[in-house]
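J.: A predicted structure for the sequence below; I have some questions about it.
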Amino acid sequence: MNNDYLDPINALNMPELADTTFAMDFLLRTKEGVRNLAVALTESSSPAVRALLREQLMQGIALHQEITELMIRKKWFHPYELREQYQLDQLSANNAIKIGQMDLFPDDTNRKGMFDRTPDEH
């Protein structure tokens, strides 16, 4: 039996799963930004540009630390517990596979009657 994944009832636990995914993506992109700023800093010769890049680098490092601490507090990231992190990574990989196997575009996309009001009501 195919589930209708556009039906809100099938979105159970999806906000939490999305939060962990977005947080990890944000962490990785912040790390990438720190790396790029460090490279740019070593390539620049202008004192003004170097000062600007250094300030942005410090902000990037602080942001990375803030995201890391949030993820640790929420138990979305275990940088000091390899076994727990491995289990989370396995869960994420399995969820990605499950999402990839979902039929997200059913033939019948009529959602009339699924919501408590029509789109015109406020």
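T.: Nice, I can see it.

J.: How much space separates residue 45 from residue 35?
T.: In this structure, residue 45 lies at 20 Å from residue 35, with CB to CB, to the nearest Å as the measure. (C-beta placed from N, C-alpha, C; glycine too.)

J.: between these two, who's got more neighbours?
T.: residue 35 (12 against 6; other CB atoms under 10 Å).

J.: And the helices in the protein, which stretches?
T.: Taking DSSP state H as the criterion, the chain contains helices spanning 14-43, 47-73, 82-101.

J.: which ones are touching residue 68?
T.: For residue 68, the residues meeting the contact criterion (CB atoms under 8 Å, 6 or more residues apart in numbering) are 27, 77, 79.

J.: Next, count neighbours for residue 60.
T.: Using other CB under 10 Å, the number of residues around residue 60 comes to 19.

J.: And the one 10 residues further on, by the same measure?
T.: Taking other CB under 10 Å as the criterion, the count of residues near residue 70 is 14.

J.: What separation do you get for the nearest residue to it once chain neighbours are set aside and residue 50?
T.: With CB to CB, 6 or more residues apart in numbering as the criterion, residue 70 has its nearest non-adjacent residue at 6.9 Å, and that residue is residue 23. Residue 23 is 31 Å from residue 50, where distance means CB to CB.

J.: That's all I had, so thanks and see you.
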